[in-house]
Structure formats: structure tokens, C-alpha cells
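S.K.: here you go, sequence then predicted model.
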Protein chains: 2
Amino acid sequence: MKKLLAITALLAFSIAFSQQKPKFTYIRPLIGTAKMGHTFPGATVPFGSVQLSPETDTVAFEKDRKYNGKVYEYCAGYQYADKTICGFSHTHFNGTGHSDLGDFLIMPTVGKLQLNPGTADHPENGYRSKFSHTNEVSQANYYKVKLEDDNILAEMTTSQRVGFHQYTFPKSDQAHIILDLMANIYNHEEKNVWTFIRVENDTLVTGFRQTNGWARTRTVYFAMSFSKPIKNYGFKNYDQENIYNGFWRKFDQSKNFPEAAGPKLKAYFDFATAEGEKIKIKFALSPVSTAGALANMKAEIPHWDFEKAKSDGQNLWEKELDKITVETINDEDKVNFYTAMYHAFINPTVYMDADGQYKGLDQNVHKADGFTNYTTFSLWDTYRALHPLFNLVQPKRNRDMIKSMLAHYDQSVHHALPIWSHYANENWCMIGYHSVSVIADAIAKGNDDFDTKKALEAVVSSSNMLYNDGIGDYVKLGYVPEDRSGASVSKTLEYAYDDWAIAQMAKKLGRNDVYETYSKRAQNFNNVFDKKSGFMRPRLAGGTFKKEFDPLDTHGQGFIEGNAWNYSLYVPHDVVKLTDLNGGKEKFTQHLDSLFTMQLPDKYFENTEDITRDGIIGNYVHGNEPSHHVAYLYDYLGQPWKTQERVRMIIRKMFHSGPDGLGGNDDTGQMSAWYIFTSLGFYPVAPGSDQYALGSPLVKKATLKFENGKTLVISAKNQSEKNVYVSKIELNGKEIPRDFISHSQLVNGGELTFYMSPKPKK
Amino acid sequence: MKKLLAITALLAFSIAFSQQKPKFTYIRPLIGTAKMGHTFPGATVPFGSVQLSPETDTVAFEKDRKYNGKVYEYCAGYQYADKTICGFSHTHFNGTGHSDLGDFLIMPTVGKLQLNPGTADHPENGYRSKFSHTNEVSQANYYKVKLEDDNILAEMTTSQRVGFHQYTFPKSDQAHIILDLMANIYNHEEKNVWTFIRVENDTLVTGFRQTNGWARTRTVYFAMSFSKPIKNYGFKNYDQENIYNGFWRKFDQSKNFPEAAGPKLKAYFDFATAEGEKIKIKFALSPVSTAGALANMKAEIPHWDFEKAKSDGQNLWEKELDKITVETINDEDKVNFYTAMYHAFINPTVYMDADGQYKGLDQNVHKADGFTNYTTFSLWDTYRALHPLFNLVQPKRNRDMIKSMLAHYDQSVHHALPIWSHYANENWCMIGYHSVSVIADAIAKGNDDFDTKKALEAVVSSSNMLYNDGIGDYVKLGYVPEDRSGASVSKTLEYAYDDWAIAQMAKKLGRNDVYETYSKRAQNFNNVFDKKSGFMRPRLAGGTFKKEFDPLDTHGQGFIEGNAWNYSLYVPHDVVKLTDLNGGKEKFTQHLDSLFTMQLPDKYFENTEDITRDGIIGNYVHGNEPSHHVAYLYDYLGQPWKTQERVRMIIRKMFHSGPDGLGGNDDTGQMSAWYIFTSLGFYPVAPGSDQYALGSPLVKKATLKFENGKTLVISAKNQSEKNVYVSKIELNGKEIPRDFISHSQLVNGGELTFYMSPKPKK
């Protein structure tokens, strides 16, 4: 008996000890919700179509727009410093620098019906409510907050296409669910083109919202199901009379008239509630139709069990996090790491119904045949590290994203791949044609199970869209002339890099003709290098460099989101030549050193978006993507210890686990992908190549389970705050150089061991 | 040899003699294009989705609207008296009293590009052109006109879903085809919600137009194919900048940028033309998508042979006219008869793609399974004679129209059949729930191969839509009270008739419970009969009749499109009781007599829509549908010769073959159906019954070929202008009474012979 008890006790102890917290519980969505992270605290599943999250403010007006002003702050609808919540809407970007979405704002209230949101200073004058972070919970796929004004507990979770709300009411015979179809996240009030709503029966409402905003022609369809019958409902029409004049018959839309349409509508649904009664809402979306939305709801959440939906979604997160299991120096690093994975797996978003139907660029319905269709491609940001991360740990999804890009190309009247794909629209944001990088990187890394022949045709076509953003001049002159197209140097440099990516891809596909052409184009960065100043510099159509030139200024100097100092380092595909242009290894190393140590005068911070002094180290601007590869350049110069030192410094300075824990916009996961790679100890400086530059891992250990069935265990021996340098690296027991590692070396699995040290090994 | 020649000559002579003109050549679409007929002169095929026709004026403004004013005149976009043509658009109503459609206005021009229409007084200031009727041809499915300003010959024809344009240009290197997406036929300028256009390649353009007008949420998709490649093209955006600011990239939409979207766009396509060169355009429509439009084009006109398309469509008209072949007193009667058939077979319109897909009330795509889906149901007009005419000569189409109504019912959030079905919308125009009459009439006449069980459920539901137009009060009180719902007497009378139709249908379907309920409701006309005045009179909710009452006034007296004098005669389902209320046969006969002879003071003509002195005989107003049965009431009073005299007088006064040959709006074929029935010698006074009231045929002979394979030959012996009276009628050789004939008597075929006489037989 004693022996049995002992064994039992031991067993129990082992079980308790091995039953660590699920990884998803380390996810803290609040990271980045203060200041410029632009993340949202609400619920979503990996790459889900729905992001159900609170708005702490709604529409802001164009005339209020200032840099670092009200509009820019609300790209995700939420700012941590705010004290009121307007409601909960179903679509949010993760970390963009421009706003949109915010579809279908829902708000529960009791008492007198108020259909305007009220103001932050006087929430009692509208439907918004005071709240406090003490009564707020934000987890993976679960958000909860106490709405203080009316004492209502709001909880929400999601499945891929459905937002699931649960509101716990006080006793009331005037309980309301408000659906404000006019609310949105955008800097223009007049954003709705049309909205449409039908009360199908006493628990089901359907409709759509059509907007003209960042996406020019965007429609989202919904089906909304209540857990109990509606007592009364009504609409208010702010555009036309609320009496619907059907030419002869007149209907009062404010009282139980089951349909309405127009650009400015709000709806309300009334109930009587007992003390503590829960009203639940399932709110499904579709890109195609209300019938599609309803089918999505039935397919994904055919029940009313809120806890089950919540845990189903959290299990999806756990499965994603299983791809990389980490042990860290401290718990905060674990929070940051898994939250970075969380943020890296929100965008792009699935954009199709359960049955595969989606809306194409032609506004027609298409069926995704043999792939999952995605949208929300912020490619200027994500080609750099996010899609390379996908090639490592989400290869199937990345192939589907590429197939989505090829479908976009098929539907494009410009015969071009996406630049910024947004809900059946091209929104043309930022520069370059970086789809080509995403495709080239997948091919370089053997993740090429898609129509590579069409892909090659597509990248060639996209890079020859001559009427687009200076490409015509670029092809003719070898550079973009500043007097004909602004940010000309940034464009030239990024086109040159994209062209190099195309060349690599062409080579791998056996097309030497294309390889030759694009290898030449890839050298175009040389055409904007100004020997005299030592920087990349804007050049005019006539051939001369622009006279006025300040390499520290980010405005009007030929660059976007950067200055000559930073951007001149953007030749990731030919660092050898870049070194040459910069006077050789020694001079270039010194140049890089000074980037991190120089002092920027104040004037360069005024009127600069995305940048605060906190986000800068010297003149290195981590918040701006073109800088993301810079710290790794020392690997190319034979001084890897400087990379190791810099990246550890950057990761410690730019990321922490508080609400303002991101040093700039998350940019749909790019910032988080940078964090993940850097924590693991390597970074893809030039996607399209199979090489990663090595750095200084932050983890103690990381176990990567690849889709090919293999596992890689990364270990950092003697890991600590101080031990930032890497004295030796072994792959499967054999020493390898400390500068680069290849993709196949990683995905073939085994053990990658870093030996950490407090002193640089030169 | 001589014998052979003689035989040949005889043969040739016989052939020439028997080869009469095809019937379709008698169709004169210009009838009704002057004044109030509101017909259009352009091209269409029977029940076609496309009506390609010229606009002599475009948008007019609400503030200009006056009774008989500019807006009202342009319901079909064309007025015969005008001297300029703005362009040719693809959708037009036939003869409505309210405006809409006018989608996709196309205009060919040469020389300086002008994108505004110009004015009627100064066409040279815009794209419109002077024209003259001398150089205009309007036939079934063919319209031609010389556009004088630029010396361009315009010709057009159609297939079911495609408009086929042919423009013969002079020599020019500045030839333009303008597509004005802002043009419309409506009384509001701000009608577009959104338009969208893509240049797919150098001969194909696609897109859509979404409007908020008479239909609240209406979208029409198109595919436009040119017979030769476009040289240049551009868009002009009147709502936003014409520079499309894609957030960073800027595109000039005026020069070959292949897509645009917004509420205010115009497009132009430039060519160089040789002298006499023809540019052709195939312009296909779809209710569902641009892909659907393109598929429709390929299915219907997969070639560029204009003459073939024209004659294919004309053959469709010939086939329709084959259903009733007439011999007439004079050629003008033949023109009027076949033109009436033409006008009767334009609306309703097919509303689905070649593959059966259409847009439903829920704005989702549906597939018509086993029926052709129709829209454009102006039911307040057409239940009276048009749908009864369909039961006679278009039974299959009528069943499909009923199936379309049942699908509408399925999709309706009000669980109601259509009142005025308009391109995936209910536009709620006019009063009553007359779908029930259409369905009941089909069942009464054995044309019932549809889901009659669902139909019964639908008619009961529609007649119990309590929040609709006084129905709640009607059900509760037995009448509509004027103080709660205007035009209350008209509504009460028409609901009572509709209810009687439901009762007949219920009886035939073996539902005695429903029959009892609705037979009671059918008597509700008694509740608004005022013994004191002898007229139907508005009654208040409290029970008393409204004090102020003028039986000749059409305003504020409780009637719509009529006065008490006329409308009190609207009890078509119980003329026995009506006679009773009017003091018995003799008194009622005198009452009817005076209707046709009394003199109306001038004041009753001011401010009365649809009415001019020309359209009135005494106080009988043929332009207003509620009167259409009135002349036949003598049949119920034992004085058929008075019916015979009146109907001949009406038909001679209200119809002729000039442009102003219709005495009022054609009302989507109702006026023309009245003409056809009356010409043939009978009329369906109470649809829902299988009885027709007999009259005085105008034809000499009519051969009706029914879908059941049988043929009825109607002959009027001794027919002439003077011989308006009918002394005897024989059916298959046996004499029958001269008051009524049944549907089965007609459709069983044989010979129906009227013996005409100059004197009444009493």
C-alpha cells in the first residue's frame, strides 16, 4: 500500500510538473496597443477573417488629421490610453500605418436608447461606455471588459469567419443591442457607399456594407444570429427620411419594419433581460453574399456554447505555437516570443467562404480551386521577414498565399501581381513590386508546389507595368528620375532588389534569358549612387543628381519612410558591390558603426510619421522596415560580433511586453517576424536567396517542428543578458561559420547550437 | 412549252399573292412616343432584358418636376416632339408613369471630345445631336437614325440580353464612342450609388452600375465588345480627382488607365475611321455579374453580323404575332393591332442570365430552377387585362411569371408576393396586392402547373401583411379608414376584389375555410358605399363618412387615379350587388349612361396626371386603369348593345397609329391588352373568374393559335365602321348569348362568329 501511494504521488508530481501552462496563455494581445504598435486587443484565430475587437474611438475627420494625430493613432481602432469603448467591430488590421475596416460595430446598452456614440469626455451622452483596464482581459481569441456605464459584461471570441459575442446584462426591460452601420475606422466620415439590412426572422438579421476607402470598392456581407428572440427593433436613416417612401406606401422604419437600405443607417434590437442574463450573438462574415455568411456560421459554430468556441480557437493558436516551442532567459521573453508568433499569424487573412467562393478584382465571384484564398498583403513590409518566416514554419499557407497572388494577377487588368491586396481590391500602397520577392523566396527555398510557369510570366509582367510608379523610366533609363516620380531613389533601389529576386527565380526555373535581363536590372542601384556624397541620391531625368540634398532629412530627398543615410544601405542582394561603393570593407564598417552612434538633431523628428526618439538608435530607425536588415550587414563584412551586439541591443530596446512594447507599427506581422528570427539567431537579409545571416539568439532553446516532419532544436549554451556574443556555432555536432546558414541546413533538422559568451570573438 | 409557261406564271402569281408582308412589318413602335403614351421607339425582342433606344433628353431635376412637366414626359427617355438625341441606352420601361432605367448611355461623335450632353437648344455644345424624323426608322427590333451634327448613321438591334449597335462614321481621326455612366432616366441627378469599369483588353470593357432610384438597391452589370480595337480611351471622374490616388501611386485616369470606379464617371473610346466605316458594339447585360454578361453575349450573338441579329429578333416577333393573325377593316387597324401585341409583349422582362442565375430580393444570387425568371411587374395595371391575355396566348410565360412571383415571395422579409417587382427590388408602387389576382386567374383558367399549395399560402400571407398600406385596419374594420391611410376607398375596393380572387382560387383548390373567410372579405366594398350620395365614399376610423366630398374631384377624395364617379364602379367581382347598391338595373344603367355623356368642368383637369381632355369621354377616363372594365358593365345589365357601342367608340377615340396614338400611358402593356381584347370582341372584367364579357370586335377575322394545339377563328360578318352592333354570336355553329363567354369555350378552339349590324339588337 505504501509503495502504491508513493508511486501515485510521484506520478502526480510528474504530471503536475510536466503540465506546464499552454503556450497560448503567454500571448498578450495588448502588446502594441499603446502608441504606435497599432495592434488590437480583441479576439481572432490564426489568419482568421474576423478580428472582433473594441473601438475606443470611431470615425475621425480628415480635417483633424495631423502627423501623430488622432486619425493615425486609430488604425486598429484602439488606443490603450483611452478610457471609453464605443463598441466592438468585426474587422481590424494588425499594426498597419493606414486605417480601414471596423465593419459592423456592435454595442450593448440599457436604458434610454442613444444612437450616437457620444464623446470620450462625455460617454454618457451616447452609447459608448467608460471602462478600466483593471476589468479588462485580453488573451488569444478571448476579450473581456466591463462596460461601466451600464454595468454590462462584454466577452468575445471567434472562429475563422464568425465573431461570437456574449453580453451579461443587468435586469432591464430596455436592453439594446446597437448595430451602427455608419461606424468605421477611417479618416473620412463619408465612407459608406451603401448598406443593406434585412430582419429575416426574430433571431436572424442579414445584410452588407459597401465602402469606398482605402479599398476603392469593398463589400462585406454578414449574417447575425441572436440567442434569444428580438422583442422590438428599428432603424434610423440619417441620409433620407426614416419614413421609407415606397413611392406610394409609407413605412415607418423605426418600428419593426424588416428591411432598410442606404448609406447612413443605424439599427437597434431591443430585449428585456433578467439580472445576469446573457445575450449571445453569432456574427458571421462573407466576401460574397449573406447566404455565404449564414453557411459559414452553420459550418463553424453550429451551437451556442461560448466556452467551446473560445477553446476551439485557443486550440488553433496552441497548434500554431507548437511549431516553435521556446525556453527563454525570463518569462517576459516568452511572452514576447509567443506574442510575436501571434502577431505574425494574424495577417494575411483568409478571404473566402467555407465553400471556397470569394470576390475577385473584377468584383465577380470566383471559386478558389485547390487553395485557400487570402487577402491583406502589406507586401512592402512583409516580403522582408514575414513571408520568409512562412517559408520556414507555414510553407503550405505561404503557397496558398502565392496562389492567391497568382489569381489576383489573372484578374488584374494591369496584368500585375498584388502590391497591397485588400478585400478584392488593389490599394496600391507603398512602392516596389514585392510579390516577386515572395514568389522568388518560396522557389529558392524549394516551397514551389504552384504554377511556377505562370509565376514567372507574372513577375515579368508586373516588373514591366510601364505606367506604374516610374517603372517605365526605370526600364528605359536604369533609374527612376526624381523630377518625374517622387521617392525615386527608394523606388530604384527596391526595383533593383526585386529584379534580382526575379533573376534568381528565373535561374532556378531554367530561364537563362530572363536571368540575364534581370541580373542587369538588378545592378541599377549603381545608377543612383553619388560618389561625391557617398550616398544614394535622387537623380533627374536629364541625368544629373538633384542639387539640394540632405542625407538626414526624410522629406523630399527621394526616399519614403527613411533618409539617404538609412536607405543607402538597401542593397540586400549585392552587399559585396554595396561595400565597394562605400569604399571597401573597412570604410563601410565604420560607416555602419556611425549609423548606430550618431546624434540626430531635433528638427528631423518633427513631422515624421512612425518615428519617435524612442524608436531610434542613433540614426537607425527600427520602426521603418527598410532598416530591418541593416544590423545583419556586419556578417557580410567579416565582423559578425557587431551584428550580434547590435541585434541584441535592438531587440532589447524595441520590444517589451507592455502595451507600448512595440517600437513602431507591427505592420501586419513584419515587426514580429523580425523579432522571431532575431530571437532564433538568424535573419533573411535577401529573400529570394536561400541564405540567412546569423546573429545572436535570444532564446535559450527553441524546438522547430517543420511541415516536412523534421525537427530542429536550436540551443544557446550559456545564454544570458550579458552573453550576447557567439563564440562558436555547431550544426549537428560540426562547427559552421558564424556568418550565414542555408535554408536546407535548417529544414533538414537536427541540432543547431550557439555557444554564447560575454566577449566578442573576432 | 406554253402550258409550262402558263403554269409557272400562275405559280409565281400565287406565290407573290400569298407572300403577304410579314406581320412584324406592321409593328410601329413610334405609336405612343408622343405625349403620354410613354413608349420607346428603340429595339427589343419579346420580353427581352434589353431595350436599346434613343434618349431625347437625359436627367431632369426634381425641382423642375411639375404635373405634365418635363420629368413625367421622359419615363421612356423619348418624346416625339424633340429635335435632338442625347444617346442610346439599354433599358427602358414600356409606358410607365414613373421613370427609371436608362442604363449605359452610348453616343458616337467625331471631332472635339465633349463629355457633357449639351442642351436641346444648343446641341453643338455637347455630345447630343440634332435629328429629324425623316431620317429615322423605327421597327420591331430595329431602330435607325441619322445624327446630323456629326453625320453619323446610328442603327441598333437586340437579342434577349444584348444590345447590338452599328455606327457608320465619316472619315475622321477623332471618332469617339462615349459611354456616359452618369446618364439615367430619373427625376434626380444624384442617382448613382456606384459605377465600376474595367478595360479588359483593346476590344472588351466590363463593369456595372449601381443605382438608388425607383428601385432602392439596383445593380446592372455589362460587357461591351467593340468590332475593332480601341485606339485610345479615358475616363473622367466628376466626383473625385481624375488622378486616381492609390495612396502613394498616382494614375492619370484620362489616358489609357484600364479601370475606374466612383459614382460619377464618364468613359470615352477613340478610333480613327475611314469614310463610311462601321463600328459595331455588342453590349450585354446581366443582373448578376460581368462574367454573366460576357457569357450572355457569347451565347446569344457570337458573331458580328448585324443583319443576322436583326432578322433573328424580328423572327422572334413574327413567331409571337403568329399567335393571333388578323384581317382588319383597314390597314391602320392592322398596324394598331400588331403594335398592340408588340407593346403587350415587352413587359414583364426576362431577368436572369443565360445560365438561369438572377439577383433576388436579398441581393444574393439565385438560380431559377425550372422556370424563366421575370421582373418589371406593374401589377396594379397589368392584372386587369395583360395577365389574362397571357393566360390566353402566353400561358407558359404566365406560369413562369407566377413562379417568379413565388420566388419573390420566398425571398421577401414581409412574406409577400410582389406589388411592383423591379430588378431585385420591391418598389411598392400603387395599391392593392394584385399578384393574387394574377395567380387566381391562372388557376381559374386551368393554367396552374405551378406550386398551387405555396401559391395559396402566399396569397393569404400577402393579404394579411397588416403593417402594409391600411391592410391591418381593413382586416379589423372591414374598410380602410381615410384618416389613417389616404386613397382609402380605392384601397378598400381593390382589396375586396383581390380577396374575392383569393376565394375563387381557394375554392378551386378545395380549401373551403379560406374560401369562406375571403368571400366575406370580398363583400367589404359594401362598407364604403354611401347610400346618401350614391357613391363609394371615404370613411373614417370612427365609422362616419368623411364630410367634405366631391365625387368629381380626383384629389383628396379617397381615391387614386380617379374620382368617386369612376371608382365607385370598381366592383368587378360582384356586379349584381353593385347594381343593387345603385338602385337596380334600370337606375344603374342610367347612371352608366350619364358617365359617358356628362360634361366635366375645367377645374377637374388642372393638376391631374395622366389626363387630358382628349383622354376623356364625358367623365370616362380611359387613361386610368380602374375604368378599363366599365364599358363592359352593360353586359351584366342586359344591355350588351350599349357595351358594343361604347367599346367601339372608345377604341376609335383612344387608339390610332400616329405617335400620339395612345390615349394614356401604355402602362407596361395594359392599355395594349385592352385594345387586343376589345378588337377580338371580349374582355376579362373580373380576372379570377373564367368568364369574359362580350363586346364588339373590331377585326374582320382573327385566328388564334393556342399553346394547347387548338385554333380559334373569330369572324365578324359584315364588319365595318358603321356595323358596331352584334346581332348574333355563334360558337361552332350554335348560337350563344351575347353577354359572356368562358375561357374553355375559347381555348377549345373552333369558330366564333359575330354577326355585325348597324342597329342595336335589344
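M.R.: Looks like it arrived, so ask away. Numbers count the residues shown, from 1 in each chain, chains lettered A, B, ... in the order given.
S.K.: shaky segments in chain A?
M.R.: Applying pLDDT under 70 to chain A flags residues A:1-2, A:6-19, A:58-71, A:187-190, A:247, A:605-614.
S.K.: rerun that using 80 as the cut-off
M.R.: Along chain A, segments meeting pLDDT under 80 span A:1-20, A:58-72, A:186-190, A:240-242, A:245-248, A:602-615.
S.K.: where does the residue most central in space within it land in three-state SS?
M.R.: Taking Cα atoms, centre = their mean, the centroid of chain A lies closest to A:T668, which sits 1.1 Å from it. Here A:T668 is recorded as coil under DSSP: H, G, I helix; E, B strand; the rest coil.
S.K.: contacting residues for it?
M.R.: A:93-96, A:346-348, A:376, A:378, A:381-382, A:386 (Cβ atoms under 8 Å, 6 or more residues apart in numbering or on different chains). In short, each C-beta sits where N, CA and C put it, glycine included.
S.K.: one more: A:N723?
M.R.: A:756-758.
S.K.: just the buried residues of those residues.
M.R.: Among the contacts of A:N723, those scoring as buried are A:756-757 (criterion: 16 or more other Cβ atoms under 10 Å in any protein chain shown).
S.K.: ok so, going back, in strands, which of the contacts of A:T668 fall?
M.R.: Among those, DSSP state E puts A:S378 in strands.
S.K.: let me know the closest of the contacts of A:T668 to A:V528.
M.R.: Set against A:V528, the nearest of the contacts of A:T668 by Cβ to Cβ is A:D381 (22.5 Å).
S.K.: run a quick neighbour tally on the closest one.
M.R.: Counted with other Cβ atoms under 10 Å in any protein chain shown, residues neighbouring A:D381 total 29.
S.K.: from A:T96, how far off is it?
M.R.: The gap separating A:D381 from A:T96 is 9 Å, by Cβ to Cβ, to the nearest Å.
S.K.: ok, which of the contacts of A:T668 also contact chain B?
M.R.: Filtering those for proximity to chain B by Cβ under 8 Å from any Cβ of the partner chain leaves nothing.
S.K.: alongside chain B, which residues does the stretch 1-150 of chain A contribute?
M.R.: Near chain B, when you scan the stretch 1-150 of chain A using Cβ under 8 Å from any Cβ, you find A:H98.
S.K.: ok, A:G102 touching A:D180?
M.R.: No - applying Cβ atoms under 8 Å, one finds A:G102 not in contact with A:D180, separated by 10.1 Å.
S.K.: quick one: contacts for the nearest residue to A:T597 once chain neighbours are set aside?
M.R.: Of all residues not flanking A:T597 in the chain, A:G618 sits nearest, at 5.0 Å (Cβ to Cβ, 6 or more residues apart in numbering or on different chains). Neighbouring residues of A:G618 by Cβ under 8 Å, 6+ apart: A:594-600.
S.K.: endpoints of stretch A:321-334, how far apart?
M.R.: Stretch A:321-334 has an end-to-end distance of 12 Å (Cα to Cα, to the nearest Å).
S.K.: so what touches that stretch?
M.R.: Residues contacting stretch A:321-334 (Cβ under 8 Å, 6+ apart): A:23-24, A:26-27, A:337-338, A:341, A:393-394, A:656-657, A:676, A:679-680, A:698-705, A:719-721.
S.K.: what about stretch A:164-174, distance to the chain center?
M.R.: When C-alpha coordinates are averaged (Cα atoms, centre = their mean, to the nearest Å), stretch A:164-174 and its chain have centres 33 Å apart.
S.K.: how much space between A:L712 and A:S689?
M.R.: Distance from A:L712 to A:S689, by Cβ to Cβ: 19 Å.
S.K.: for A:S53, that is, sorry about that
M.R.: Taken as Cβ to Cβ, the span from A:S53 to A:S689 is 37 Å.
S.K.: do the same with A:I651
M.R.: Distance from A:I651 to A:S689, by Cβ to Cβ: 23 Å.
S.K.: now swap in A:Q20 and tell me
M.R.: 37 Å.
S.K.: of those two, which one has the most company?
M.R.: Each of A:Q20 and A:S689 has its neighbours counted (other Cβ under 10 Å); A:S689 has more, 21 against 8.
S.K.: please name the nearest non-neighbouring residue to that one.
M.R.: A:S689 sits nearest to A:A444 (Cβ to Cβ, 6+ apart), 6.1 Å away.
S.K.: I'd assumed A:E457 was in contact with A:L509.
M.R.: No - judged on Cβ under 8 Å, A:L509 makes no contact with A:E457 at a distance of 10.9 Å.
S.K.: and the strands in the stretch 101-250 of chain A?
M.R.: Secondary structure of the stretch 101-250 of chain A (DSSP state E, counting those that start in this stretch): strands at A:105-110, A:129-130, A:136-139, A:142-147, A:152-158, A:162-168, A:172-180, A:192-201, A:204-211, A:218-226, A:232-237, A:243-246, A:249-252.
S.K.: now do the SS call for the residue of the stretch 351-500 of chain A found nearest chain B.
M.R.: Across the stretch 351-500 of chain A, the shortest distance to chain B (Cβ to the nearest Cβ) belongs to A:W428, at 2.7 Å. Taking three-state DSSP as the rule, one finds A:W428 in the coil state.
S.K.: now find how far off-centre the longest helix along chain A is within its chain.
M.R.: Secondary structure of chain A per DSSP state H: the longest helix is helix A:488-508. How far helix A:488-508 lies from its chain's middle: 23 Å, per Cα atoms, centre = their mean.
S.K.: so it, near chain B or not?
M.R.: No - Helix A:488-508 lies out of reach of chain B by Cβ under 8 Å from any Cβ, never closer than 10.1 Å.
S.K.: closest residue of the stretch 151-300 of chain A to chain B?
M.R.: A:G246 (2.7 Å).
S.K.: for that residue, list each beta-bridge partner.
M.R.: A:R249 (DSSP bridges).
S.K.: surely A:H38 and A:A76 touch.
M.R.: Yes - using Cβ under 8 Å, A:H38 is in contact with A:A76, at 4.8 Å.
S.K.: more neighbours: the two, which one.
M.R.: Applying other Cβ under 10 Å to A:H38 and A:A76 shows that A:H38 carries more neighbours, namely 32 against 29.
S.K.: got the contact list for that one?
M.R.: A:32, A:75-76, A:93-97, A:665-666.
S.K.: just the helices in the stretch 651-762 of chain A please.
M.R.: In the stretch 651-762 of chain A, the helices defined using DSSP state H, counting those that start in this stretch lie at A:670-680, A:743-747.
S.K.: of the contacts of A:N723, which is the nearest to chain B?
M.R.: A:M756 (42.8 Å).
S.K.: from chain B, how far out is the nearest residue to that closest one once chain neighbours are set aside?
M.R.: When the adjacent residues along the chain are set aside, A:M756 lies closest to A:N723, with 3.9 Å between them (Cβ to Cβ, 6+ apart). Distance, A:N723 to chain B, by Cβ to the nearest Cβ, to the nearest Å: 43 Å.
S.K.: tell me how far A:N723 lies from A:K761.
M.R.: Counting by Cβ to Cβ, the gap from A:N723 to A:K761 is 12 Å.
S.K.: hey, what's in contact with both of these two?
M.R.: Joint contacts of A:N723 and A:K761 (Cβ under 8 Å, 6+ apart) do not exist.
S.K.: so which strand or helix has the residue lying closest to A:R216 once chain neighbours are set aside?
M.R.: Spatial nearest neighbour of A:R216, excluding adjacent residues (Cβ to Cβ, 6+ apart): B:A261 at 5.2 Å. Taking DSSP states H and E as the definition, B:A261 sits inside strand B:259-262.
S.K.: before we move on, the earlier item: pull the number of nearby residues for the residue nearest to A:R216.
M.R.: Neighbours of B:A261 (other Cβ under 10 Å): 23.
S.K.: shouldn't it be in contact with B:T195?
M.R.: Yes - taking Cβ under 8 Å as the definition, B:A261 is a contact partner of B:T195 at 6.9 Å.
S.K.: tell me which element the closest residue to A:D499 other than its chain neighbours is part of?
M.R.: Closest residue to A:D499 apart from its sequence neighbours, by Cβ to Cβ, 6+ apart: A:R521 at 3.8 Å. In this structure, A:R521 is located in helix A:512-521 according to DSSP H and E.
S.K.: no further queries at this time; thank you.
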